[in-house]
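Student: take this sequence and fold it.
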Amino acid sequence: MTKRRTKILATLGPATDKPGMLEKVMKAGVDVVRLNFSHGNHAEHRGRVEAVRAAAAKLGRHVGVLVDLQGPKIRLDRFRDKKIELVEGAVFTLDTAMDPANGTQDCVGVAYKELPNDVAGGDILLLDDGRIVLKVESVHGTKVQCRVETGGPLSDKKGINRQGGGLSAAALTDKDREDIKVAAELDADYVAISFPRTAADVNEARELMQAAGGTAAIVAKIERAEALDSLESIIAASDAVMIARGDLGVEIGDASLPPVQKHIITLARSMNRVVITATQMMESMIVSQIPTRAEVFDVANSVFDGTDAVMLSAESATGSFPDKAVAAMARICLEAEKQRLTTQSDHRLNTHFERIDEAIAMSSMYAANHLGVKAIAALTESGSTPLWMSRISSSIPIYALTKHVKTRRKVTLYRGVYPVVFETAHTDHAKVNKEAIGELLRCGEVQDGDLVIITKGDFMGVMGGTNAMKIVRVGDLVEPST
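Tutor: Below you'll find the predicted structure:
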């Protein structure tokens, strides 16, 4: 059976808490789960992680866990009557000193207290993902007086963006700092940082994770306009990036999103980083059992662009059909991956390699793509070699053979990489090769006569030590199992 190379990241929530649903979404194709720390409490998140690991063990699967931090609350407070209707041309005031539960037709409180310092007359503020447009007329003390340019219904706790970016809220809040400690306790595989503006935000998160004793990889969510000004340094500081198209689209404009998405994916892959495409990918499937044609194209185009993973948010967390949303996404990815452009690459053909293990990874992929190789067996400690391999577009599966459970969970997010449990007591290379091929035979991934590339280091158990590539034919090293 053809393996899907693009990974699926699904958000957990009340919908996946229903009895049996977690196993259903895993069977449908989930590779990594997302815990949204903007909702729920630590006890709920702990329970979900335990449930994920129990279900994965039961199904014989490796499933990664990503903790998504809330970030700064740049939101309205609440309305006295829960909801109002703004009319074009009306005056509407945002007041950071107002009673947070007493918003009216004319004025509402704001949780983000620095708003009056961040805006000036003429600025455009976008509320509720851009559905409401306000033009700032004046700022007096705690009050930001605006004129409604695009009206409509407005309810409690809706988000606020400034067109073009520029809100100064720090990426990491006190809550985020505590949540990083919890993520470390949960042994999360990835932690996503909301609203980073510079590489310093990413570096701070990594330092906090290490101080908490965690090993999670750091994901930078690209959702601020100003993050695009520091994009290369943010990607370099991160292990992965998430294209968070909701807030980003509001700040830069929806028409600018497609080229920006393509640029981020290309740049991240060129820098050997993982990239996730997120937000509203299958939005209609919150209530529908089938996606719209536009959503089908959106997911497929992300695959064509080379994304490592596509993400479900409310579709799986609170939707009516989480398993069907995952199954539809998997089906679209598989079909898109049949197209020739997803299996060809000129990545780094003319660049200089700094590391031996990176050179081995690139050489292996070049050989595999030109020799009719059936599979690649990358014996790995940290997962770096299969990550580098996965930056090359190919239809050849890359198996990350490792004894480390954390590495197996981490590679679940890498495009075209599949974790395999592999432990050996041998130091003799011929015996290790035989065992590696034997493991792929046992899993049914190769058969007699197939060509397989094996990569490993001279010294087993040494991180960054991959320095050898061997091409073998199955049957020459081990007889196929009966």
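Student: only C-alpha atoms for contact and neighbour calcs from this point on.
Tutor: OK.
Student: tell me the pLDDT at Ala205?
Tutor: pLDDT for Ala205: 98.
Student: right, and it touches Ser194 too?
Tutor: No. Ala205 sits out of contact with Ser194 when judged by CA atoms under 8 Å, with a separation of 10.6 Å.
Student: who touches both of these two?
Tutor: By the contact definition CA atoms under 8 Å, 6 or more residues apart in numbering, Ala205 and Ser194 are jointly contacted by Leu172.
Student: sec struct for the most centrally placed residue in the chain, please.
Tutor: Nearest to the geometric centre of the chain sits Ile276, at 3.8 Å (CA atoms, centre = their mean). Three-state assignment for Ile276 (DSSP: H, G, I helix; E, B strand; the rest coil): strand.
Student: what about the protein, any weak spots by pLDDT?
Tutor: The chain contains residues with pLDDT under 70 at 1, 341-352, 458-464, 477-482.
Student: if we use 90, what do you get?
Tutor: Applying pLDDT under 90 to the chain picks out residues 1-2, 73, 129, 168, 339-372, 391-395, 423-431, 443, 456-468, 475-482.
Student: longest helix in it, by residue count?
Tutor: Ranked by number of residues, the top helix in the chain under DSSP state H is helix 42-59.
Student: how many degrees apart are the helix or strand following that one and helix 42-59 in direction?
Tutor: Under the assignment DSSP states H and E, the closest C-terminal helix or strand after helix 42-59 is strand 64-68. Angle between the axes of strand 64-68 and helix 42-59 is 160 degrees (criterion: axes from the mean of the first three to the mean of the last three CA atoms, to 10 degrees).
Student: tell me what strand 64-68 is packed against?
Tutor: On a contact count with 3 or more CA pairs under 8 Å, 6 or more residues apart in numbering; DSSP states H and E, strand 64-68 meets strand 32-36, strand 190-193, helix 405-410.
Student: buried ones in the helix or strand that the shortest one is followed by, by neighbour count?
Tutor: For strand 190-193, the following helix or strand on the C-terminal side (DSSP H and E) is helix 199-211. Under the neighbour-count criterion of 16 or more other CA atoms under 10 Å, helix 199-211 has Ala199, Asp201, Val202, Ala205, Arg206, Leu208, Met209 buried.
Student: cool, stretch 232-252 as well?
Tutor: Residues of stretch 232-252 classed as buried: 232, 234-252 (neighbour count, 16+ other CA under 10 Å).
Student: kindly report the same for stretch 384-400.
Tutor: Within stretch 384-400, the residues that count as buried by 16+ other CA under 10 Å are 384-400.
Student: what about those residues, which are in strands?
Tutor: Of these, the ones assigned to strands by DSSP state E are Ile398, Tyr399, Ala400.
Student: dump the residue contacts of the first one.
Tutor: For Ile398, the contacting residues are Ala375, Ile376, Ala377, Ala378, Pro386, Met389, Ser390, Gly416, Val417, Tyr418, by CA under 8 Å, 6+ apart.
Student: what about the third one, which SS state?
Tutor: To tie it back to what came earlier, the one meant is Ala377. strand.
Student: do I have it right that it meets Ala436?
Tutor: Yes. Using CA under 8 Å, Ala377 is in contact with Ala436, at 7.2 Å.
Student: between the two, what contacts are shared?
Tutor: Shared contacts of Ala377 and Ala436, defined by CA under 8 Å, 6+ apart, comprise Leu401.
Student: ok so Val241 is a helix residue?
Tutor: No. Val241 sits outside any helix when classified using three-state DSSP, being strand.
Student: thinking it is in contact with Val219, fair?
Tutor: Yes. With contacts counted by CA under 8 Å, Val241 reaches Val219, the gap being 5.1 Å.
Student: name the helix or strand for Glu149, please.
Tutor: In this assignment (DSSP H and E), Glu149 forms part of strand 143-150.
Student: paired strands for that strand, with orientation please.
Tutor: Applying DSSP bridges, strand 143-150 is found paired with strand 91-95 (antiparallel), strand 132-140 (antiparallel).
Student: so how far is the first one off the chain centroid?
Tutor: In this case it means strand 91-95. Centroid separation for strand 91-95 versus its chain: 36 Å, with CA atoms, centre = their mean, to the nearest Å.
Student: only C-alpha atoms, please: export the strand or helix carrying Glu315 in CSV.
Tutor: Following DSSP H and E, one finds Glu315 within helix 314-317. Extracted in CSV, the C-alpha atoms of helix 314-317 (Å, rounded to 0.1, in the frame of the first residue of the first chain):
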residue,chain,number,x,y,z
ALA,A,314,-11.7,23.1,15.1
GLU,A,315,-12.4,20.4,12.5
SER,A,316,-11.1,17.8,14.9
ALA,A,317,-11.3,19.6,18.2
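Student: from what I can see Val296 touches Ile332, true?
Tutor: Yes. Under the criterion of CA under 8 Å, Val296 makes contact with Ile332 at 6.6 Å.
Student: nearest residue to Leu125 other than its sequence neighbours?
Tutor: Leaving aside its sequence neighbours, Leu125 sits nearest to Arg162 (CA to CA, 6 or more residues apart in numbering; 4.7 Å).
Student: how near is the one you found to Phe304?
Tutor: Here the criterion is CA to CA, to the nearest Å. By it, Arg162 lies 32 Å from Phe304.
Student: same question for Ala368.
Tutor: Look at Ala368 and Phe304: by CA to CA, they are 21 Å apart.
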